[in-house]
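> sequence and predicted structure below; questions after.
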Amino acid sequence: MKKYVGFVGWRGTVGTVLIQRMLKEKDFKNINPIFFSTSQIGKKNLFIQDIYPYYIKDAYNILDLKKMDIIITCQGTEYTEKVYFELRSQNWKGYWIDAASSLRMNKDSILVLDPVNNVLIEESIKKGVKTFVGSNCTVSLMLLALGGLFSKNLIEWITVHTYQAASGSGAKSMLELLQQTGIVFNNISSLIVNSHVLEIEKKVNSTIQSANFPIENFKAPLAYSLIPWIDKKMKNGQSKEEWKVQSETNKILSRTDNPIRLDATCVRISSLRCHSQSFTIKLKKDISISEIEDILSSHNPWVKVIPNTIKDTLRYLNPIAVTGTLNIPIGRLRKLTIGSKYLSAFTVGDQLLWGAAEPIRRMLHFLIK
Ligand code: HSE
């Protein structure tokens, strides 16, 4: 019998991308989907046509949720914290698949990124693990890009500098960025043809610094700027986003007891939905760039090694080239002048696809085989 799969948070950015991917891959034919919502309760499901059932259920109704074999939530941490423990305390034994971060480091949960840790996922299901969580987007995108080097145990340490898209901060933040750019453009458009560029630049800055410039979500202007802080502050001076890089990477790789050292500086930039990352990697041994390219490109079907040329870099290695695709280009591969074991690389990935929805979608397949 087809499993009952409850969906929560399927109208947000990650949820919408998840549903689009599931429709494209015809995943719904293998399950009985039930749609839950915190705001559309009892309404007809006009968002996804031709899919049973037509009426949306209450995402806080524990009795209805308990009837599910699997619950997939993209609703966010607040929902997870309110509902997950309540369901478990009522002895619900179903599978919980979550895109939010709150359960990631729980000892009972597994971080899912099956091109990297499919064996761990399979073994965990056999052992009776019931909670599977998508990892941080930069972590997933990094592991897909560098999967070959990780799997061959060639990495001594990595420092990452990220260039993270507005989408990582949610739908409202994407809209805020668009609003910011629109306001700036409207204020300077009449000057573009006849004014000196420095006069225009002055007007851009005074617009951005004006008291009513919209910064409710980002807490600082992002258009024509950047924000070198993502998430809360940790005691050691890292941001929480930076802290996740080492902790989640090692959890995915089952190396929590013998962690690979990673650290990061995470920066929000004005890309809409693709995260980019620049890596400095200390290799365990000196291997050639062509060997590294072979190792990287043979790891999974999505990673694409981009030759270190101007033409290929401008064409393939940027957010606009990657957006809306599952491609994980990695390029700018070269040894640093400081030594032959030091590798530099740059990658880009869609934050909503491999960074969030796709690992979750693929996890469902392990449970409905
Ligand atoms: N924390 C990420 C970001 C979202 O802010 O970009 C994806 O996990």
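All right, it came through fine.

> quick one: contacts for I72?
With Cβ atoms under 8 Å, 6 or more residues apart in numbering as the criterion, the residues that contact I72 are V5, G6, F7, V8, L18, I97, D98, I360, L364. Placement of C-beta: from N, CA and C, glycine included.

> what is the helix or strand hosting the fifth one packed up against?
Element membership for L18 (DSSP states H and E) is helix 13-24. Using 3 or more Cβ pairs under 8 Å, 6 or more residues apart in numbering; DSSP states H and E as the contact definition, the elements that helix 13-24 packs against are helix 358-368.

> elements contacting the helix it packs on?
Using 3+ Cβ pairs under 8 Å, 6+ apart as the contact criterion, the elements in contact with helix 358-368 are strand 3-8, helix 13-24, strand 70-73, strand 95-98, strand 109-112, helix 114-127, strand 131-134.

> residues in contact with it?
For helix 358-368, using Cβ under 8 Å, 6+ apart, the contacting residues are 2-3, 5, 14, 18, 21-22, 25, 27, 30-31, 69-70, 72, 74, 95, 97-99, 112-114, 121-122, 125, 132, 134-135, 140, 326.

> SS state for the closest residue to the ligand within the chain?
When Cβ to the nearest ligand atom is the measure, the chain has its nearest residue to the ligand at G168, with 1.9 Å between them. Secondary structure of G168, reduced to three states by DSSP: H, G, I helix; E, B strand; the rest coil: helix.

> over to L262?
Following three-state DSSP, we place L262 in the strand state.

> can you give me the strands for this protein?
Taking DSSP state E as the criterion, the chain contains strands spanning 3-8, 31-37, 57-58, 70-73, 95-98, 109-112, 131-134, 155-163, 261-265, 274-283, 303-305, 328-335, 342-350.

> let me have the ones you listed in a markdown table, adding mean pLDDT as columns.
Conversion of the strands of the chain to a markdown table gives the following (pLDDT from 0 to 100):
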| stretch | mean pLDDT |
| --- | --- |
| strand 3-8 | 96 |
| strand 31-37 | 93 |
| strand 57-58 | 95 |
| strand 70-73 | 98 |
| strand 95-98 | 98 |
| strand 109-112 | 98 |
| strand 131-134 | 98 |
| strand 155-163 | 98 |
| strand 261-265 | 98 |
| strand 274-283 | 98 |
| strand 303-305 | 98 |
| strand 328-335 | 98 |
| strand 342-350 | 98 |
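
> columns distance to the ligand on top of these, output as a markdown table?
Converted to a markdown table, the strands of the chain look like this (distance: least, Cβ to the nearest ligand atom, whole Å):
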| stretch | distance to the ligand |
| --- | --- |
| strand 3-8 | 18 |
| strand 31-37 | 22 |
| strand 57-58 | 27 |
| strand 70-73 | 14 |
| strand 95-98 | 12 |
| strand 109-112 | 12 |
| strand 131-134 | 8 |
| strand 155-163 | 8 |
| strand 261-265 | 12 |
| strand 274-283 | 6 |
| strand 303-305 | 19 |
| strand 328-335 | 15 |
| strand 342-350 | 11 |
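
> of these, which is nearest Q180?
Evaluated with Cβ to Cβ, the strands of the chain place strand 155-163 nearest to Q180, the distance being 17.5 Å.

> where is the longest helix in the chain?
In the chain, with assignment by DSSP state H, the single longest helix is helix 171-188.

> returning to what we had before: look up the closest residue to the residue of the chain closest to the ligand, ignoring the ones flanking it.
By the measure of Cβ to Cβ, 6 or more residues apart in numbering, the closest residue to G168 outside its immediate chain neighbours is Q351, 5.3 Å from it.

> I figured the one you found was touching A165, is that so?
Yes: taking contacts as Cβ atoms under 8 Å, Q351 lies within contact range of A165: 5.2 Å.

> got the residues of the stretch 151-300 of the chain near the ligand?
With the criterion set to Cβ under 6 Å from any ligand atom, the stretch 151-300 of the chain comes near the ligand through Q164, G168, S169, I230, E241.
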